[in-house]
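Undergrad: The following block contains a protein sequence and its predicted model.
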Amino acid sequence: MLSWSFTLFLIAISVLSSPSSCTFTITNNCPHTIWPGTLAGSGTPQLPTTGLQLESGQSIRIPTSPGWSGRIWARTGCTFDESGAGTCQTGDCGGRLECDGIGAAPPTSLFEITLGAGTDKDFYDVSFVDGYNLPLIAVPRGVYGGCNATGCASDINIGTILLYSCLNGT
């Protein structure tokens, strides 16, 4: 059985996989409530939950299967009524608690993964292509040695980003 641990600076996601099942464990390490959202990639089913609330320090396990592909992100500043309708300041997915196939509205930091099926490998990344709302680091742990972490553990909203251009040689 392979064991993968994905640590987001303020959220922890771990993946335990076997030939027949996988589980995402999402832990809120933020000092505030977050609302994780999930979106399955093309051709794979939605996870059993596509949106939920996690208080600081809480964890949830979400089962999936090899071959699943998709995104997981944390929404912030959300308010929902009893029916699950509402809004989020970042990462909103159509004004609903359960995203049900709707992706995150920018800005949001994304964890993206495709789980291998059979002997296929897992592929993952941390992406800020849709903006940034929380620091995010993915650190895999497998049975065959160490792998490199990816992501950004700093709050990039408070710093200065220097852009380099290949065109002007700087």
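TA: Cool, the structure landed.
Undergrad: where exactly do the strands run in this protein?
TA: For the chain, strands defined by DSSP state E occupy the ranges 2-7, 11-17, 22-28, 35-40, 59-64, 69-75, 79-80, 86-87, 110-114, 123-127, 136-138, 141-142, 145-146, 150-152.
Undergrad: helices and strands of the chain: which one bottoms out on pLDDT?
TA: Scoring the helices and strands of the chain by mean pLDDT, DSSP states H and E places strand 2-7 at the bottom, with a mean of 42.
Undergrad: Nearest approach to residue 99 belongs to which of the strands of the chain?
TA: strand 35-40 (4.5 Å; Cβ to Cβ). All C-beta atoms are positioned from the backbone trio N, CA, C, and that covers glycine.
Undergrad: And that closest one, what does it pack against?
TA: The contact analysis (3 or more Cβ pairs under 8 Å, 6 or more residues apart in numbering; DSSP states H and E) places strand 35-40 against strand 69-75.
Undergrad: any chance of the strands of the chain in CSV, with mean neighbour count too?
TA: Shown next, in CSV, are the strands of the chain (neighbours: other Cβ atoms under 10 Å):
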stretch, mean neighbour count
strand 2-7, 19
strand 11-17, 20
strand 22-28, 20
strand 35-40, 24
strand 59-64, 15
strand 69-75, 23
strand 79-80, 14
strand 86-87, 14
strand 110-114, 21
strand 123-127, 15
strand 136-138, 22
strand 141-142, 14
strand 145-146, 8
strand 150-152, 17
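Undergrad: Relative to residue 51, which of those is closest?
TA: Residue 51 lies closest to strand 35-40 among the strands of the chain, at 4.8 Å (Cβ to Cβ).
Undergrad: Now the closest one: average pLDDT?
TA: Average pLDDT, strand 35-40: 95.
Undergrad: Which one of the strands of the chain lies nearest to residue 49?
TA: Shortest separation from residue 49 across these is recorded for strand 59-64, at 6.0 Å, computed as Cβ to Cβ.
Undergrad: Need the contact partners of that closest one.
TA: Residues outside strand 59-64 that contact it (Cβ atoms under 8 Å, 6 or more residues apart in numbering): 12, 21-28, 36, 38, 47-49, 52, 54, 115.
Undergrad: Could you pull up the residues touching residue 51?
TA: The contact partners of residue 51, by Cβ under 8 Å, 6+ apart, come to 35, 36, 37, 38, 75, 84, 93, 96, 97, 98, 99, 100.
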